[in-house]
Structures are given as structure tokens and as C-alpha cells.
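Asks: Turn this into a model:
(4 chains)
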Protein chains: 2
Amino acid sequence: MASIRSAILAGHLAPGDPLVERRLAEQLGVSKTPVREALIALAGAGLVTVSPNRGAAVREVSTQDIRDAYEVRLLLEPWAVGRTARLAHAAATGAAHTALGKAKRHLHARDHVPLSLANRAFHRAMYAGCGNPLVVDELDAVADLATLGAVTLIWEQSPSWEAEYAQHAEILAAFDAGEAELASRAMRAHIRASLRRLGA
Amino acid sequence: MASIRSAILAGHLAPGDPLVERRLAEQLGVSKTPVREALIALAGAGLVTVSPNRGAAVREVSTQDIRDAYEVRLLLEPWAVGRTARLAHAAATGAAHTALGKAKRHLHARDHVPLSLANRAFHRAMYAGCGNPLVVDELDAVADLATLGAVTLIWEQSPSWEAEYAQHAEILAAFDAGEAELASRAMRAHIRASLRRLGA
DNA sequence: TCTGGCGTACTGGTATACCAAAGCACGTGT
DNA sequence: ACACGTGCTTTGGTATACCAGTACGCCAGA
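Replies: Got it, this is the predicted structure:
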């Protein structure tokens, strides 16, 4: 299942592409059964859509879908950042600095794909320690959706990577200083900015 | 799949009960394959847990799981109520009044199972029209988890059905008056009260 | 030439058969 | 009597075979 998932998120399978069970089965060297099960699991995660008697396809995401996803992030992630700051500060700060460092390098190299990956890792470091696995799973799912959307999506405004990096640095500074509430507010402002880029 | 799901949520299958594929298959008059697919889908919904090479079992929920679920509700549902009030007021108010009426009757009859069902329907009416399917799905999932937890769970304080009803009525009054912000705040207070009953 | 209906190929859905791993019980040895 | 090991049974995992529904193309008729 992991291989289908990564193929989708890496953009090797474009949104709307039909996922033919037999074809995937022979490509992966297994039979239909595990492929089918993987597709069902991925449908549960929201990455593929299954139509009765018409099979599975890579999920097509609309601008509205992405807006919805960012709305969820706006509700959950600032809270999660605050909780992570209080509960798992030491563990989170290392991962966050690593991710931000990678982002800085890829930013200078104008290397957008690994930059996006690093940015996602930064966000994950900020919320993974919040202590609520339901929230973590939902934010992971929403990030997957956003990644999938980025393959296709026409943003109203193309992202300013420098601004994004600066905001991340600002969040992390507050986080490092133990200012949970400030980090939370900075994260909210950051996500709001992304939402605005979508024309919300 | 619906039959397994409802059997779990109705408490006919207790948390921890092993879900043996062959057994379920013959009980439902189908083969292993669709049963297995249903179990995978239910695992995605968080109602069953699957251990590699050890099969599926009805999910066991801890007090902490329920606390996590209510935390998510606290983050999402007040917002959703406010949005429903603004976007889908007419559609929601009918369903909410119906559910609250049923709750009142079952409250007087001390009929707890349908009362819980009516209460859940009330909440759903309040958030279903929020316009964000991601939020609706997540709140549905969280409600399933809470229902599953209610089978087993020892709450610190048993619920005061009368107080719950009064709070629902209060929320609906604000909702009817078009006071979206007030309804949202009332919902937040209501969920906080439930969280307090868990000893949070 | 365009349209409607029929047939065929394709593909998802389900059943069945087979294999491998885990759990349990029984027996044996100390 | 207890503990360890071995074999049997149970059960999940995968492959394969079969069936049914859908879509697409081709042919015929207007």
C-alpha cells in the first residue's frame, strides 16, 4: 500500500487517474486482493475515491477542498502547537530546527519539491507532540490532501517561499522561547496567510 | 459493512471482541473477502483495530481516548455550529427541533439508549450544515468513538440528562435567534461540561 | 452523415482454495 | 509436579477463478 500512496503523493499518479486493480497488481507483482485492500485503505485516508462498480481513481481535489483543509488546519494546528510547546518541547525543537535548516538550504537552491517536504516536516514537528493522536492523524490527513492538491492546483497567488520561511522562523523562535501562546498565534497567522493565497 | 458497524455501535460486539473473518462471513452469508474489506474500512474509521497476522478486534477505548475525542469536538464543533447558523440555518433548525423533541420524550421515559441517539442527532444537526465536509466527517468519526466508549466507559460522574437537555435547549434557542456567536459559545460550554465529567 | 442499438471486451465484485504463521494443548523429560 | 518442546488446530494473508455490470465501438438504418 505504501508504494501506491507514495506514487500518488509524489505526483506519479495524477488526480483523476484511474487505478485499475489488475494493472496495479501486475506492476507491483502481487494479486488483485492486496491491491484492492490498499485502495480501500487509501479511500479511508481520502487519497482515492471509489465509485461503486466503477473502481478507484486518484482523488481530484478542488480549490474548495483545499480551503476546507486549511480551515481544519486553522482550527487544530494552532492549538496543537501550543500543546506541543508545553508537553514535548525538547523533542519537537530538534526536529523543527532540522526541518527549518533543510528548508533554508533548499530555499537558496530554489529546489521546490524538497523544500515543500521540509516545510511539511516543520509543521509536523510543531504539532506531533500535542498529545492527542486524533488531532495528529487528522492534521496528517489534511497535509496529504494539501500535497495532493498542490500537484494540480492553481493558487490565486503563488507562494512566497521567503515569506513562508520567515513565518516558520518566527513560529520556531516563539516556540524555543517557551512562549506557547505566542507560537500558537503565529501559527494561526501563518495558516491564515496561506488561506488568503487561496482567495478565501 | 453497515451491519458490522451497527453491531459494534449498538454494543452487540463489545470492545476487545475478536472479529474472526470466517465467523462473520458465515453469519452474514457472504465470503471472507467482503468481510475483510469491511474490517479494513472500519479500521480506517477507527472502530476496529487490526494487528498484523493477528486479525481484527473491536477497538478498545480508554478514558484518554474519549478525552482526546472531546478535545477534538471542543476545537471543531463550536466553530461548526456558528457556521451552520450562518449558512444552513433553515435546514438545521428543523432537524434540531425534531431531535430535541425526541430527546424530551425519551428523557421523561428514562429511556437512555434512544435518548443518546436523539442527543447525537441533535449535535449532528447543529454541525452538519457547516459547509466543510472534512469537519463533518471528523465530528462523525469522533461521535462514533464516543458511542463506542460509552459501552464500556466509567465516567467520573454519570451524566445528568436533565442538564444536558437544558444545555441543548439553550444552544438551540440561540441558534433559532440567529445568534451564531452565542450558539457557538454555548456549544463550547456544553462540551467543556462533558469533558469535566471525564475528570479532565 | 448522424444516431441508435447491439455485442464484445474490460474491469470491479465475490467466492473459493491454498499457504503460512500464531496459539494452544498435550505429552514427555527432568 | 513443573517446564519446555513439539505438533495440531485455528485463523489471517494471498492468489486464482468466476460472475456481473459498465463502457466503448461497430454496424445498420434513417
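
Asks: Residue A:105 - how many residues pack around it?
Replies: Residue A:105 is flanked by 12 other residues according to other CB atoms under 10 Å in any protein chain shown. (C-beta placed from N, C-alpha, C; glycine too.)

Asks: any idea which element it lies in?
Replies: According to DSSP states H and E, residue A:105 maps onto helix A:89-108.

Asks: so how far is that helix from its chain's centroid?
Replies: Chain-centre distance of helix A:89-108: 16 Å, with CA atoms, centre = their mean, to the nearest Å.

Asks: List the buried residues of it.
Replies: A:92-93, A:95-96, A:99-100, A:102-103, A:106-107 (16 or more other CB atoms under 10 Å in any protein chain shown).

Asks: closest to residue B:51 among these?
Replies: residue A:95 (28.3 Å; CB to CB).

Asks: Now do the same contact list for the closest one.
Replies: Each residue near residue A:95 by CB atoms under 8 Å, 6 or more residues apart in numbering or on different chains is listed here: A:121, A:124-125, A:128.

Asks: max-length helix in chain A?
Replies: If you go by DSSP state H, chain A has its longest helix at helix A:63-87.

Asks: for it, packing partners?
Replies: helix A:112-127, helix A:133-152, helix A:161-176, helix A:180-197, helix B:63-87, helix B:133-152 (3 or more CB pairs under 8 Å, 6 or more residues apart in numbering or on different chains; DSSP states H and E).

Asks: Name the nearest residue to the residue nearest the centre of chain A, ignoring sequence neighbours.
Replies: Among the residues of chain A, the one closest to the centroid is residue A:143, at 2.0 Å (CA atoms, centre = their mean). Once flanking residues are discounted, residue A:143 sits nearest to residue A:120: 5.8 Å by CB to CB, 6 or more residues apart in numbering or on different chains.

Asks: wait, what's in contact with the residue in chain A that chain B sits nearest to?
Replies: As assessed by CB to the nearest CB, chain B sits closest to residue A:44 within chain A, at 2.6 Å. Shown in contact with residue A:44 (CB under 8 Å, 6+ apart): B:40-41, B:43-45.

Asks: Please identify, among those residues, the one with the most neighbours.
Replies: With neighbours taken as other CB under 10 Å, the top of the contacts of residue A:44 is residue B:40, carrying 21 neighbours.

Asks: Name the nearest residue to residue A:59, sequence neighbours excluded.
Replies: residue A:49 (5.1 Å).
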